[in-house]
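Colleague: I need the structure of the sequence given here:
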Amino acid sequence: MTLFGIAAAAVLALDMITKHIVSSGMELGTSIAILPGVFEITYIHNTGAAWGILAGKQLLLQILTAVLMAAVIVYAVIKRKSLSRLEMISLALIVGGGLGNFLSRAVSGYVVDFFNIHIIPVFNVADIGITTGCVLLIISVFLSGKKENDGRK
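Modeller: Residues are numbered from 1 along each chain as shown. Have a look, this model is predicted:
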């Protein structure tokens, strides 16, 4: 299995496992305080995308996610020889997280969210994968731009 496949599978597996642990071990709407007033594990169902955007629009979310994940996978396969490790890992994290939330929506009609840091909306491992992947991809773009500029001097 490639680096891309391993990273995507790891995010997907961790996401599915943590969602199962929370949904089978907690009552919906309950919280466990880790750092009271700052960080809790709060079990909620999210029928939308990030921050509840498009709540209740399951078919649209499924179609958008499927198209975007397919596009990223095809891009990674086509460009695999020219992408850096950082770019491949960032794309894999995005795909792993996207697939985790896609599967949750397909099976349950919602996504289980549970990390509750009080200054941001409740999120899950898939969201961490997607966000981390996006940040790493931005960093890789800046690093590759810097290398190109350094090479032109």
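Colleague: going forward, measure contacts and count neighbours with C-alpha atoms only.
Modeller: OK.
Colleague: which strands and helices lie in contact with the biggest helix by length in the chain?
Modeller: Longest helix in the chain, counting residues (DSSP state H): helix 125-152. Secondary-structure packing of helix 125-152 (3 or more Cα pairs under 8 Å, 6 or more residues apart in numbering; DSSP states H and E): helix 3-25, helix 85-108.
Colleague: the bottom helix or strand of this structure by mean pLDDT?
Modeller: Lowest by mean pLDDT, DSSP states H and E among the helices and strands of the chain is helix 125-152, with a mean of 86.
Colleague: what about it, distance to the chain center?
Modeller: Centre-to-centre, helix 125-152 and its host chain are 16 Å apart (Cα atoms, centre = their mean, to the nearest Å).
Colleague: just stretch 78-96 next, same as before
Modeller: Counting by Cα atoms, centre = their mean, stretch 78-96 comes out at 14 Å from the chain centroid.
Colleague: can you report how many residues neighbour Ala71?
Modeller: Using other Cα atoms under 10 Å, Ala71 is surrounded by 13 other residues.
Colleague: what helix or strand is it located in?
Modeller: Taking DSSP states H and E as the criterion, Ala71 maps to helix 58-79.
Colleague: no further questions, thank you.
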